[in-house]
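Undergrad: how would this look folded up:
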Amino acid sequence: MREDIHHVFVYGTLTDPYVRRMVIGEDVDDPEYGVPLDGYVVLNDHANRLGTKFPRLAPHDDGIVYGAVLKVDERQLASLDRYEGEGTFYERRFLDSPTLYHDIWAYFAIRKEEANAS
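TA: Take a look at the predicted model:
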């Protein structure tokens, strides 16, 4: 078994095995599909500099997002970070959700207004 396994909640293109193979170079072991994330909704309003819109997780008391949980090693996690633009377009943060694993990552949009406020 691989060491340093990370659990990552995904809800968009990374739920597709073909996309994961393109991003990581292989698919991941035993992804879990249909995993509920309570307290969030997906908004499709996160735009890049060209105006292309991408989904983002947003807190919502009555929300629920269904996605997949991927088990990845350090190298695979670094590939996901590059794909998501970690640190510039999205940031990887631990989720606080009673319905998911204790230590699970998800990618959250870095909003222009949030970046300007810091």
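
Undergrad: regarding this protein, what is its longest helix?
TA: In the chain, taking DSSP state H as the definition, the longest helix is helix 74-84.

Undergrad: mind listing what's buried in that helix?
TA: Gln76, Leu77, Ser79, Leu80, Asp81, Tyr83, Glu84 (16 or more other C-beta atoms under 10 Å). Heads up, the C-betas are built off the backbone N, CA and C, glycines and all.

Undergrad: show me the helices in the protein, by range?
TA: 17-24, 74-84, 112-117.

Undergrad: can you redo those as TSV with mean pLDDT?
TA: TSV is the format used below for those (pLDDT from 0 to 100):
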stretch	mean pLDDT
helix 17-24	94
helix 74-84	95
helix 112-117	51
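
Undergrad: what's the closest of those to Tyr66?
TA: Proximity to Tyr66 (C-beta to C-beta) singles out helix 17-24 among these, at 16.6 Å.

Undergrad: ok so, going back, ok, so of the buried residues of helix 74-84, who is nearest Lys53?
TA: After measuring those against Lys53 - C-beta to C-beta - the closest member comes out as Glu84, at 15.2 Å.

Undergrad: I'd say that closest one and Ala106 touch.
TA: No - with contact defined as C-beta atoms under 8 Å, Glu84 does not reach Ala106; the gap is 10.0 Å.

Undergrad: tell me, what's touching the two both at once?
TA: Arg92 (C-beta atoms under 8 Å, 6 or more residues apart in numbering).

Undergrad: in this structure, which spans are strands?
TA: When secondary structure is read from DSSP state E, the chain shows strands at 6-10, 29-47, 53-72, 90-94, 104-109.

Undergrad: make a markdown table from these and add mean neighbour count and distance to Val23 to it.
TA: Formatted as a markdown table, the entries for the strands of the chain read as follows, by neighbours: other C-beta atoms under 10 Å; distance: least, C-beta to C-beta, whole Å:
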| stretch | mean neighbour count | distance to Val23 |
| --- | --- | --- |
| strand 6-10 | 20 | 10 |
| strand 29-47 | 15 | 13 |
| strand 53-72 | 16 | 11 |
| strand 90-94 | 15 | 13 |
| strand 104-109 | 21 | 12 |
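
Undergrad: fine by me, thanks again.
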